[in-house]
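> got a predicted structure plus its sequence, pasted below:
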Amino acid sequence: MMPEDVPPLPAALRLRLDSAALAANWTALDALSGGARAGAAIKADCYGLGVAAAVPVLAAAGCRDWFVAHWQEAAVAARLVQAGQISVLHGPMNDAEAAYARALGARPVLNSLAQVRRWLATGGGPCDLMVDTGMNRLGLALGEIGDAAVSALEIETCMSHLASADEDCAQNAAQLARFREVTSAVRAERYSLCNSAGIALGGDYHFDLTRPGLALYGGVPRGDFAGQIAQVAWPEAAVIQVRTLAAGDSVGYNATFIAPAPMRVGVISVGYADGYLRCWSGRGHVLWEGRRLPVLGRVSMDMTIVDLSTAENCGEGDWLGLEYALPQAAATSGLSQYELLTLMGRRFARNE
């Protein structure tokens, strides 16, 4: 038998996606967007959860506008939704990418006068336009939007991006004022300013289209969303060995945990190579039948050791859930909610 003929074994890591929660989150964010319509940021493989699993759920819920970063991501998304509904945030860096956009049917988001002129010189057509209103990342400067080349574009969505919508700060109002100037100066079918957190800033910020990402996948970027956004990602790891420690035995690299008494521990198949970083060492918990079991010692590359003292019936081959409600997990780990999602590696079997 050739290696390719050997059926794969089940993974020792799995990421369960709660489809009902994902659909409910999009529906809630669409309603919170008021008169605007909610799209979906699906870049980075739907923030790590899996495009193949998440996009059909979002489409069935009613989403019709999709935002990716790279052209490779657009090609994957185009297998699942209409290419004309996909916006590629990084825009065409060269003539080949402009030609690829037309062949695929996805819309480039033009981020500079150079990209504007490249798009027109290679044939023009429907596009989106990003204008920088204060983040100083991508987008035309306000002083460039009056350029004759901009007025020659066939713009579907003119957009900007809020830098600090997760905070109550003066920058939000300043960006809103600048974007209002943009809407008066740039002709487009639709205007879009809000990310997930921006939706909570209220109707003045919504315009025609909102672009939630994090909140779709269970993130809570502002307290306003508490109780309205459900957990979507449920990572789990299998127990690969159970051990009994004697009092005084050390655990893991550098012996950072010493057993105070005889205790039962489990080795689970997740580590920093899977995105479960060393910041969880001695701080994280896993879940078993409603019980929280602490992480002991240092997280290794492929393994983490947990306390099974109160889980007598948990054994090798059983599954433990990582404690991963995003706001609480961010507070415990020191990682951002975005990092928690996108760090999860490919060894997690996704339900796609």
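Here it is on my side, so go on.
> and Ala165, how many neighbours?
Using other Cβ atoms under 10 Å, Ala165 is surrounded by 23 other residues. Placement of C-beta: from N, CA and C, glycine included.
> with only the CA atoms kept, save the longest helix anywhere in the chain in PDB.
Counting by DSSP state H, the longest helix found in the chain is helix 170-185. Output of helix 170-185 as PDB, limited to C-alpha atoms (Å, rounded to 0.1, in the frame of the first residue of the first chain):
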ATOM      1  CA  ALA A 170     -11.800  61.700  20.400                       C
ATOM      2  CA  GLN A 171     -10.200  59.900  17.400                       C
ATOM      3  CA  ASN A 172     -13.500  58.200  16.600                       C
ATOM      4  CA  ALA A 173     -15.300  61.500  16.200                       C
ATOM      5  CA  ALA A 174     -12.400  62.900  14.200                       C
ATOM      6  CA  GLN A 175     -12.400  60.100  11.800                       C
ATOM      7  CA  LEU A 176     -16.200  60.300  11.400                       C
ATOM      8  CA  ALA A 177     -15.900  64.000  10.500                       C
ATOM      9  CA  ARG A 178     -13.200  63.300   8.000                       C
ATOM     10  CA  PHE A 179     -15.200  60.400   6.400                       C
ATOM     11  CA  ARG A 180     -18.200  62.700   6.000                       C
ATOM     12  CA  GLU A 181     -16.000  64.900   4.000                       C
ATOM     13  CA  VAL A 182     -15.100  61.900   1.900                       C
ATOM     14  CA  THR A 183     -18.700  61.000   1.200                       C
ATOM     15  CA  SER A 184     -19.300  64.500  -0.100                       C
ATOM     16  CA  ALA A 185     -16.300  64.400  -2.300                       C
END
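> contacts for that helix?
Helix 170-185 has contacts (Cβ atoms under 8 Å, 6 or more residues apart in numbering) with 131, 133-135, 142, 145-146, 158, 160, 162-165, 191, 193, 198, 201, 204-205, 207.
> how does it look with 6 Å?
Outside helix 170-185, the residues that touch it by Cβ atoms under 6 Å, 6 or more residues apart in numbering are Val131, Thr133, Gly134, Ile145, Ser160, Leu162, Ser164, Tyr191, Leu193.
> so Trp119 sits in a helix?
Yes - judged by DSSP: H, G, I helix; E, B strand; the rest coil, Trp119 forms part of a helix.
> are we agreed that Arg14 is in a helix?
No - Arg14: not assigned to a helix; according to three-state DSSP it is strand.
> excluding chain neighbours, give the residue nearest to it in space.
Counting by Cβ to Cβ, 6 or more residues apart in numbering, Arg14 lies nearest to Ala349, which is 4.6 Å off, once chain neighbours are set aside.
> do you know the pLDDT at that neighbour?
Ala349 is assigned 94 on the pLDDT scale.
> how near is it to Glu144?
47 Å (Cβ to Cβ, to the nearest Å).
> likewise Asn25?
Applying Cβ to Cβ to Asn25 and Glu144 gives a distance of 36 Å.
> which one's more surrounded, those two?
Each of Asn25 and Glu144 has its neighbours counted (other Cβ under 10 Å); Asn25 has more, 28 against 15.
> residues in contact with Leu308?
Per Cβ under 6 Å, 6+ apart, neighbours of Leu308: Arg264, Val265, Gly266, Cys314.
> gap between it and Pro294?
Distance from Leu308 to Pro294, counting by Cβ to Cβ: 10 Å.
> swap in Met303?
As judged by Cβ to Cβ, Met303 and Pro294 stand 16 Å apart.
> which parts of the stretch 101-250 of the chain are strands?
Secondary structure of the stretch 101-250 of the chain, counting by DSSP state E, counting those that start in this stretch: strands at 107-110, 126-130, 154-159, 190-192, 209-210, 233-245, 250-251.
> which among those strands is found nearest to Val220?
Among those, strand 233-245 comes nearest to Val220, with 13.1 Å by Cβ to Cβ.
> which other helices and strands contact the closest one?
Other helices and strands packing on strand 233-245, by 3 or more Cβ pairs under 6 Å, 6 or more residues apart in numbering; DSSP states H and E, are strand 13-17, strand 263-268, strand 319-322.
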